[in-house]
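J.: Okay, predicted coordinates and the sequence, questions at the end:
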Amino acid sequence: MNKAFVTLLWLASALLAYWFGLEQGSESVRVSAVSPVVSSAPQISRPLKQTTNSVSSISKTKISSAAGLNDFSGEEDNIDYDNLEKPRESSPVSVMDRIRSSNPVVRLQAFTELLNDPNEQNIEIAKEVYEQLPEGPQRFSELRMLAYSWGQSDPRAALEWVGSLEGFDQRIGSGSVLDSWARYDSAGAIAWAEEKFEGEDNPYYIGIISGMSEDDLIGASELMTSLPYGRTRGRAASILVEKTWMMGEEVAIHFAENLPEGSIQNYAFGEIGKKIAKDDMGRAVQWVERMDESDVKVRVSEDVAERWAKQNPAEAAEWVSNMPEGEARSESMEEVVTQWARKDPTATAEWLNQFPSGELMDEPIQRFVREVARKDPETALTWAQSITDEERRKKVEADVLNIKVMQAQREQAEATGAPDPEGDRRPRRGPPSAAPR
């Protein structure tokens, strides 16, 4: 009985072990069937939680070994994450490479970086690069930057170098150095200017006044008004008008009101009028209409009329027509005629015919004659004959007749194949200069 029970128990155990073995084998097959194929390439066991900070700020992320997914132990490796080497970023192109770039934006950026520290070595590098650039206006920006920066550290040496330049380069360079110098030592800059220039119309004062205006607007204004009549005073006045306008319309008007009466003050108010008209033509017109008759009103009204006529000559003409007779209207008419005659000389002539002849109409008529003479000399001559001042009329008539003769000669030359009789004598137009002298 006992032997039978033991035998039966042994058989049951064997069968149970056999069945358990079959179950384990089938489970292994099922796992194998659904498990992904793992390559031998290194893989990361789980997605890393990225932040916007650098790699060193990632807090001890658990990374599997190079063997693959099945090798990940789930335990943290003994790695000093704080001292991990950061990945190397591609190094930017050096300043020296960029400063020699043919791209002007890249080159100027590099120039700025270099000259932020105007030590002797950087100045020498900037000089070398500037001198290798093609001559002409395309290198004026680099010259201004070099001269200004050098003026901050050693203005006398900078001016000595600038003196070796020629033409516009010398003018631009000296102005930039003196602008820089006058910002921190105007007395030294003025003393140098007086020592280096003999004469009244000293061009060095233009840069000095520009620099002084940054921190000493009153001193710059006093120096400008003390200058003699000439180009330097006019250019300096232009700089100060622009400077005060940047500080606000009220500042600019206050500046103009405190200038001595005369051409400088008239010019300043005229420029302010142009700027107001650019922003709000209606307000500029109201400003003119509130003014009493004066030289200031004459200058402001003609400048406003000029800007308005460029935009809409017919509207500007209507405004001028309603102005009271006087010098302000006459000067404003000239500006309207100049702009309108270029676009529609017939309409301009009809408008002028509305006004009776007189001394105040002579200049507008002369301006009309000048604009139409080359296209229609016969009409121009007819209008010239309506000028009331005899001396002015004879001069204008002679100018028109001279144009007629030259046109006849040119037509004959074209017909015969001869050279143009005017040749190089035709006037060359340069940039207009509105600054007062």
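T.: Sure, I can see it.
J.: Report the distance from the helix or strand containing Ala314 to the chain centre.
T.: Taking DSSP states H and E as the criterion, Ala314 maps to helix 313-321. Mean C-alpha position of helix 313-321 versus that of the full chain (Cα atoms, centre = their mean, to the nearest Å) differs by 33 Å.
J.: For that helix, enumerate the helices and strands it packs against.
T.: When contacts are defined as 3 or more Cβ pairs under 8 Å, 6 or more residues apart in numbering; DSSP states H and E, helix 313-321 packs onto helix 295-311, helix 327-343, helix 345-352. All C-beta spots, glycine's among them, are computed from the backbone N, C-alpha and C.
J.: possible to save those helices as JSON lines with distance to Asn202?
T.: Shown next, in JSON lines, are the helices and strands packed on helix 313-321 (distance: least, Cβ to Cβ, whole Å):
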{"stretch": "helix 295-311", "distance to Asn202": "26"}
{"stretch": "helix 327-343", "distance to Asn202": "32"}
{"stretch": "helix 345-352", "distance to Asn202": "43"}
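J.: Listing request: residues of this structure with sub-threshold pLDDT.
T.: Along the chain, segments meeting pLDDT under 70 span 1-93, 418-437.
J.: centroid residue for it?
T.: Nearest to the geometric centre of the chain sits Ser141, at 11.0 Å (Cα atoms, centre = their mean).
J.: quick one: it from Glu214, how far?
T.: Plainly put, Ser141 is 20 Å away from Glu214 if you go by Cβ to Cβ, to the nearest Å.
J.: Distance check, Lys274 against Lys310.
T.: In terms of Cβ to Cβ, Lys274 sits 11 Å off from Lys310.
J.: Same check on Lys127?
T.: Distance, Lys127 to Lys310, by Cβ to Cβ: 43 Å.
J.: just Trp340 next, same as before
T.: Here the criterion is Cβ to Cβ. By it, Trp340 lies 10 Å from Lys310.
J.: If you count surrounding residues, which of these two has more?
T.: For Trp340 versus Lys310, neighbours defined as other Cβ atoms under 10 Å are more numerous around Trp340 (24 against 15).
J.: contacting residues for the more buried one?
T.: Ala309, Pro313, Ala314, Ala316, Ala317, Ala347, Thr348, Trp351 (Cβ atoms under 8 Å, 6 or more residues apart in numbering).
J.: With distance to Ala187 and neighbour count as extra columns, can I get these in TSV?
T.: Shown next, in TSV, are the contacts of Trp340 (distance: Cβ to Cβ, whole Å; neighbours: other Cβ atoms under 10 Å):
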residue	distance to Ala187	neighbour count
Ala309	46	25
Pro313	51	24
Ala314	55	14
Ala316	48	25
Ala317	52	23
Ala347	58	14
Thr348	54	25
Trp351	56	23
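J.: a markdown table for those, including distance to Ile264?
T.: Formatted as a markdown table, these follow (distance: Cβ to Cβ, whole Å):
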| residue | distance to Ile264 |
| --- | --- |
| Ala309 | 25 |
| Pro313 | 30 |
| Ala314 | 34 |
| Ala316 | 27 |
| Ala317 | 30 |
| Ala347 | 37 |
| Thr348 | 33 |
| Trp351 | 33 |
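J.: nearest to Ala415, of these?
T.: Ala415 lies nearest to Thr348 out of the contacts of Trp340, by Cβ to Cβ, at 32.4 Å.
J.: In this structure the closest one contacts Ile365, no?
T.: No - between Thr348 and Ile365 there is no contact under Cβ atoms under 8 Å: 10.7 Å.
J.: element containing Asn202?
T.: Secondary structure assignment for Asn202, by DSSP H and E: no helix or strand.
J.: Equivalent analysis for Leu114, please.
T.: Assigned by DSSP H and E, Leu114 falls within helix 104-115.
J.: what separates Ala281 from Ala305, distance-wise?
T.: Residue 281: Met, not Ala. Per Cβ to Cβ, Met281 is found 11 Å from Ala305.
J.: do the same with Arg410
T.: For Arg410, the distance to Ala305 - Cβ to Cβ - is 35 Å.
J.: neighbour-wise, which of the two wins?
T.: When neighbours are counted by other Cβ under 10 Å, Arg410 and Ala305 differ, and Ala305 comes out ahead with 31 against 14.
J.: and the nearest residue to Glu306 once chain neighbours are set aside, what is it in contact with?
T.: Spatially, and ignoring its direct neighbours in sequence, Glu306 is nearest to Glu335 (3.9 Å; Cβ to Cβ, 6 or more residues apart in numbering). If a contact means Cβ under 8 Å, 6+ apart, then Glu335 has Glu302, Asp303, Ala305, Glu306, Ala309, Ala316 as its contacts.
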